[in-house]
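Trainee: The sequence and its predicted three-dimensional model are supplied below.
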Amino acid sequence: MEPFFEQLRNRLQAIPPKTLNLPGLVLREAAVLVPLFIRGEPQVLFTKRPENLRTHGGQISFPGGARDETDPTPLHTALREVQEELGIPPQQVEVLGMLDEIPTITQFRVVPFVGVIPPHFAYVANPGEIEEIIEVPLSHLLDPAYQRSEKREVFGRERDIYFYDYGKHVIWGATARILRDLLHVIPDLRPDRGAHQ
C-alpha cells in the first residue's frame, strides 16, 4: 500500500470516530465510502446523482445509501453500494477506517468509511443512480481558495454549511461535512509523499 494511505490508516485508527447522540430523534441508518486512489497524486472519487431523482437529485455525493435489513453492518452497506453504483467488488476496496457519524436533513444517520480503490478500475456506473463520476485531486480540495462556508438555519439552529468548488461542480451538504472531517485528518500527512515521481 502507498505510504500516504498507510499514514492515513494509522491516523484514522488512532482517532475513534464519534457516534451521534440525538435523544428523541429517530434516524434511518446509512453508510457511505469515501473512495481514494493514487493516479499521479492522491485523488477522491465523487458521484453526481441524476437530476430526476426524487431525493438528492443532481447532488454530488460519495457512493452509499440506506442500510438494508440484509446488511450485517454499516460497512456491508457501504461496500454493497459501491458495487451497485460503480461496479467495484468489495474485495477490491481496502478499508482504512471511519470518520464521525453525521446526521442529514433527510433523517439519516450516516456512517462514513474511508477506503482505497484500484487506480485504473473500469467503472461500471449504474445509470439509475449515477450521472457522472468525478475524480478530484486531494491537493485541490485542501486548497483554501476552493473552500467556503455560509451560515444557514438547520433544524431551527444556525449552522455552518461548507462548500468545495471543483470547476462547474459544487460539493456541499452532508458530503461536504464528511469531506471536511477527512481533510482535517490529513493536512500534515503530506499527500505528495504517496505520489509516484
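Mentor: Looks like it came in fine.

Trainee: From now on I want contacts and neighbour counts done on CA atoms only, so please keep to that.
Mentor: OK.

Trainee: just for this protein, where's the confidence low?
Mentor: 22-24, 53-57, 154-156, 187, 189-197 (pLDDT under 70).

Trainee: Which parts of it are helices?
Mentor: 3-14, 74-86, 138-142, 173-185 (DSSP state H).

Trainee: got the contact list for the last one?
Mentor: If you take CA atoms under 8 Å, 6 or more residues apart in numbering as the criterion, helix 173-185 is touched by 8, 11-12, 60-62, 99-100, 102-104, 112, 141-142, 161-164.

Trainee: got it, and the third one?
Mentor: Residues from elsewhere that reach helix 138-142 (CA under 8 Å, 6+ apart): 41, 42, 43, 44, 146, 147, 164, 166, 183, 187, 191.

Trainee: neighbours around residue 91, how many?
Mentor: 9 (other CA atoms under 10 Å).

Trainee: whoops, I mixed them up, residue 19
Mentor: Around residue 19 there are 14 residues (other CA under 10 Å).

Trainee: Leaving out chain neighbours, which residue sits closest to the spatially most central residue of the chain?
Mentor: Residue closest to the average C-alpha location in the chain (CA atoms, centre = their mean): residue 34, at 3.4 Å. Distances taken as CA to CA, 6 or more residues apart in numbering put residue 114 closest to residue 34, at 4.7 Å, once the chain neighbours are dropped.

Trainee: I figured the one you found hits residue 37, correct?
Mentor: No. Using CA atoms under 8 Å, residue 114 is not in contact with residue 37; the gap is 10.8 Å.
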